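1. Got a sequence here, can you model it:
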Amino acid sequence: MNLTTKYSGLELKNPLVVSPSPLSEPIDNIKRMEDAGAAAVVLHSLFEEQLASASNELDENLLQGQDSSAEALSYFPDMGDYKMGPDAYLEHIRCAKESVSIPIIGSLNGVSAGGWLDFATQIEEAGADALELNVYFIPTNPGMNGQRLEEMYCQIVKNVKAVVSIPVAVKIGPYFSALANMAHQLDQACVDALVLFNRFYQPDIDLDKLEIKPDLNLSTSHELRLRLRWAAILHGSIQADIAVTGGVHTATDVIKSMMAGANVVMLTSALLQNGIEHLTVLGDDIVKWMEAHEYESIKQMQGSMSQKKCAEPAAFERANYMKVLNHYTI
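-> From the prediction side, this is the model:
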């Protein structure tokens, strides 16, 4: 059974990629991931604020949407709260590359146009096989329109692509007003892969302390549907590869993602819930399903259920919408 796939310029033994999380901080965990069947590991993210704090510089774009600048950095955790600073992160990449044979992908989380450039080159020099840009930005400033936001994303990709030779992926959210057009803009910026989608975490309110409190809920398979829909829409219409992340827990989730048009899936919540060895379970279950349904390769199923396979995608989408509404029963 041929489980190989291509993603972001990399030849992978299967479509199972570990997404950024604290799980990848211990080198022993990365070794376990490889042994359990992971095809690649995206390391936990290094935040732009860490780089800014370390260098005492902050790109002005970082503070867009915030009315204060003098105290803005005080909103973030102290440098001592981070388990790994910039120098340690680079050493972590080197150690990971020496310890495993699967690709190691660096991850940078930030928003500014120039804040990542120097460190992106250092990540490449440390031996990373690729780089994932995790753009996490909420445009709370009413003066920022959609076009300006899109230009910011594309400029980040162009700037980073100009200084590194390794493949560059960008992780985006689903909330652009014209997501297909945004994907094409990033494609024209020569991004190597799109990661669908960033989970914008929703804070809660503590009624006893009367303060906002961070709240993190692990994903469920139900969240996969939005990713499947957009992977199916974008497959074949852009040159960039597609990764589905968020809601991948079972072999069925993996297979659906491949059929929608993804090159790989990325998962963390499933590993946090079931352990790193869950990767072995997923790999075995994928093979069993393929044998039962007479599939010989992952490539055979990729994009088989995408909108590219439909002669009139818009009409197909409209028909499904009508069918869902008309067949709901109480």
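
2. Can you classify the residue lying closest to Thr245 once chain neighbours are set aside by secondary structure?
-> Nearest residue to Thr245 in three dimensions, chain neighbours excluded: Met266, at 3.8 Å (Cβ to Cβ, 6 or more residues apart in numbering). For every residue, glycine as well, the C-beta is placed using N, CA and C. Here Met266 is recorded as strand under DSSP: H, G, I helix; E, B strand; the rest coil.

3. these two touch, right, Met266 and Ser24?
-> No - at 11.8 Å, Met266 does not count as touching Ser24 under the criterion of Cβ atoms under 8 Å.

4. What is the neighbour count of Leu279?
-> Leu279: 24 surrounding residues under other Cβ atoms under 10 Å.

5. err, Glu296, not the other one
-> Neighbours around Glu296, by other Cβ under 10 Å: 11.

6. Let me know whether it touches Val287 as I believe.
-> No - at 11.3 Å, Glu296 does not count as touching Val287 under the criterion of Cβ under 8 Å.

7. anything in contact with each of the two?
-> Counting by Cβ atoms under 8 Å, 6 or more residues apart in numbering, the shared contacts of Glu296 and Val287 are Met1.

8. Leu279: what's it in contact with?
-> Leu16, Val18, Met33, Ala36, Gly37, Ala38, Leu271.

9. can you redo those residues as TSV with neighbour count and pLDDT?
-> Listed next are these as TSV, based on neighbours: other Cβ atoms under 10 Å; pLDDT from 0 to 100:
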residue	neighbour count	pLDDT
Leu16	27	98
Val18	26	98
Met33	24	98
Ala36	19	98
Gly37	21	98
Ala38	27	98
Leu271	22	97
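
10. Farthest-apart pair in the residues you listed, please.
-> Greatest spatial distance among the contacts of Leu279 (Cβ to Cβ): Gly37 and Leu271, at 11.5 Å.

11. circling back: please flag which of the contacts of Leu279 sit within helices.
-> Of the positions in these, Met33, Ala36, Leu271 sit in helices, assigned by DSSP state H.

12. that's a helix at Leu228, yeah?
-> Yes - using three-state DSSP, the secondary structure at Leu228 is a helix.

13. if I look at it, how far off is Ser24?
-> 26 Å (Cβ to Cβ, to the nearest Å).
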